[in-house]
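Novice: the following block contains a protein sequence and its predicted model.
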Amino acid sequence: MKFQERIITLKDGRTCVLRPATPDDAPEMLVWLKKTAEETEFLLRYPDEEKITLEEEVEILRKKYEDPYAIFMLAVVDGKIAGNCGVAGIGYKRKFRHRCSMGIALYKEFWGLGIGTALIEYQTELAKQIGWRQLELEVVADNVRARALYKKRGFVETGRHPDAMLFDDGTFHDEILMYKLLNE
């Protein structure tokens, strides 16, 4: 989706640009995907599972940029991608068209600066403009920081997937289901 850039001031005084991801971002995104997966086990992937080619990433970003129902936003600080947040519809059948799902991740060095909050706020605003009624996400139960952020931004816990994730160390982890009504 094409949308207007937004500039925010971070807690440390630096500026951050929230903008749409474009195909030109593909090389940096490939690095970002692996590094963020190295920094936390709470993402859906391990670094060695990232096998997307540059051409595939270019095409993924092109489709998201041109799709009026897919929001893929980058947070850029000092010319470097600090994080991203994506929102997409759950489905296009009439029974599901009111629902969308969100995913978000930041480089660890940018945690706690207000970027996550800004990404969620802007994504929520754009999701409302698209006409979605309900924004949903899943978060690893042990990810206390993320759960606190989502609650602060108005998300409510609605359920749990027991043993939803199996980490490489052999431990299972629950996922918490959360949602936020967008018309409030």
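Specialist: Nice, thanks for sending it over.

Novice: hey, where'd the strands end up in the chain?
Specialist: Assigned by DSSP state E, the chain shows strands spanning 6-9, 15-20, 70-77, 80-89, 99-106, 134-140, 156-166, 172-181.

Novice: tilt between the fourth one and strand 99-106?
Specialist: Using axes from the mean of the first three to the mean of the last three C-alpha atoms, to 10 degrees, the inter-axis angle of strand 80-89 relative to strand 99-106 is 170 degrees.

Novice: which of the residues in strand 80-89 are buried?
Specialist: 81, 82, 83, 84, 85, 86, 87, 88, 89 (16 or more other C-beta atoms under 10 Å). Glycine gets a C-beta too; all of them are placed from N, C-alpha and C.

Novice: go ahead and confirm the fourth one touches residue 104.
Specialist: Yes. Counting by C-beta atoms under 8 Å, residue 84 does reach residue 104; the two are 7.2 Å apart.

Novice: just put the buried residues of strand 80-89 in a markdown table and tack on pLDDT and distance to residue 1.
Specialist: Output for the buried residues of strand 80-89, formatted as a markdown table (pLDDT from 0 to 100; distance: C-beta to C-beta, whole Å):
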| residue | pLDDT | distance to residue 1 |
| --- | --- | --- |
| 81 | 98 | 18 |
| 82 | 98 | 20 |
| 83 | 97 | 18 |
| 84 | 97 | 13 |
| 85 | 97 | 12 |
| 86 | 97 | 10 |
| 87 | 97 | 9 |
| 88 | 95 | 10 |
| 89 | 94 | 11 |
